[in-house]
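[1] give me the fold of what follows.
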Amino acid sequence: MNATPLRGLGPTLSEPCAVDGEAISDGTEIPKHGVPDLAFIKKNVPIQDVAAKLGLRMSGNLMHCFRPENHQHGDRTASVGLNRKTNKGKCFVCDNLPFSNVDLVEMVLGCTIREAIEWIAARFKVPAIPKGKHLQSREQREPFSRVGLGGRLENIVRSGLWAYLHPSERAILGVLCELSESNTDSLQISYRGLMRFAGVRSYATVARVVKQFERICLLKVDRSVGGDGLRNCNRYVLTLNHPVLHDLMASLYQQQHREIEAEREIRKDQRRRRAACYYR
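    Residues are numbered from 1 along each chain as shown. Coordinates of the predicted model:
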């Protein structure tokens, strides 16, 4: 998820940081030192507010895309949906997956993940990670691709793609993985059947999810017509080894590790500053 930086748009990276030691809405005090809590930022700093700070054009619950060169008429009609529930955005033209508020800052300003985290922490009340807390769990150190081990969803989970999926996408993917034939990775089922097993309530949701899975090359759909001239139930073939899907998962896996490294760099920087003050 890269983009050409838009110069002169909104505040710059060099503006001063927000004051430390203030309290956020739940009463937690923001420490004077520490690593900004990235999980808190992604969940609790509204992406709409971040977009406003960046000076991006809003239109109700939609935002005009910051990549106008990809759109007809420079995205005259807003194409980016901002989901308040998931706190993520997605352009209906440019993006295969939704992006977070940190991703948005990184793409618009053309900066690193570390600079994006610090940019948000400078403008919103963000608590620090508790002292001594590890920045990376042991599970995250494992490579996402382990041939012959685990189930069909293991690589999707380990790469971080599972976390990016909408709950309805996870539900339908789970059904497809569990009910498909083991030798062909395929399943013939109606929309109503997918709705029943996945707990999805509308045909439109199933159609949207299937289209999204096709777009990221996770699924191939056979929409053939039967011998009687009537349309059969779709046959869905999981394409978990498709190179486009693997490239996407590799990109998300690397993104996770860049975020971890950014947090580590911030922590090292703060340690060096404290040491320099101590020995003066």
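[2] where do the helices sit along the stretch 151-280 of the chain?
    Along the stretch 151-280 of the chain, counting by DSSP state H, counting those that start in this stretch, helices occupy 154-159, 161-164, 167-179, 191-198, 203-215, 243-278.
[3] least reliable of those helices by average pLDDT, please.
    Mean pLDDT is lowest for helix 243-278 out of these, coming in at a mean of 84.
[4] what comes up buried for that helix?
    Neighbour-count burial for helix 243-278, counted by 16 or more other CB atoms under 10 Å, picks out 245-246, 248-249, 251-253, 255-256, 259-260, 262-263, 266-267. Quick note: C-beta positions are derived from backbone N, CA and C, even for glycine.
[5] give me the angle between it and helix 203-215.
    80 degrees (axes from the mean of the first three to the mean of the last three CA atoms, to 10 degrees).
[6] which residue ranges form the strands in the stretch 1-150 of the chain?
    Using DSSP state E, counting those that start in this stretch, the strands of the stretch 1-150 of the chain run over 58-59, 62-63, 80-83, 88-91.
[7] any idea which of those is most buried?
    Each of the strands of the stretch 1-150 of the chain was assessed for mean neighbour count using mean count of other CB atoms under 10 Å. The highest is strand 88-91, with a mean of 22.
[8] can I get it in CSV? Just the C-alpha atoms.
    Once non-C-alpha atoms are left out, strand 88-91 reads as follows in CSV (Å, rounded to 0.1, in the frame of the first residue of the first chain):
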residue,chain,number,x,y,z
LYS,A,88,-10.4,1.3,8.5
GLY,A,89,-10.8,2.7,5.1
LYS,A,90,-10.9,1.3,1.6
CYS,A,91,-11.0,2.8,-1.9
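[9] which helices and strands does that strand pack with?
    With contacts defined as 3 or more CB pairs under 8 Å, 6 or more residues apart in numbering; DSSP states H and E, the packing partners of strand 88-91 are helix 47-53, strand 80-83.
[10] can I get these in a markdown table including distance to G74 and mean pLDDT?
    Output for the helices and strands packed on strand 88-91, formatted as a markdown table (distance: least, CB to CB, whole Å; pLDDT from 0 to 100):
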| stretch | distance to G74 | mean pLDDT |
| --- | --- | --- |
| helix 47-53 | 17 | 94 |
| strand 80-83 | 13 | 92 |
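[11] what distance do you get for A52 to L176?
    39 Å (CB to CB, to the nearest Å).
[12] of the two, which one has the most company?
    Between A52 and L176, L176 has the larger neighbour count (other CB atoms under 10 Å), namely 25 against 13.
[13] touching, the more buried one and Y236? I think so.
    Yes - counting by CB atoms under 8 Å, L176 touches Y236, with 5.8 Å between them.
[14] which residues do those two both contact?
    Taking CB atoms under 8 Å, 6 or more residues apart in numbering as the criterion, L176 and Y236 both touch L187, L219.
[15] domains for the protein, by residue range?
    Using automatic domain parsing, the domain parsing of the chain gives 38-132, 150-241.
[16] can you give me the offset of stretch 46-57 from its chain's centre?
    Stretch 46-57 sits 17 Å away from the centroid of its parent chain (CA atoms, centre = their mean, to the nearest Å).
[17] contacting residues around it?
    Outside stretch 46-57, the residues within contact range by CB under 8 Å, 6+ apart are 9-11, 58, 63-64, 66, 78, 82, 84, 87-89, 100-101, 104-105, 108-109, 120, 123-124.
[18] mind running it again at 7 Å?
    9-11, 58, 63-64, 66, 82, 87-89, 101, 104-105, 108, 120, 123 (CB atoms under 7 Å, 6 or more residues apart in numbering).
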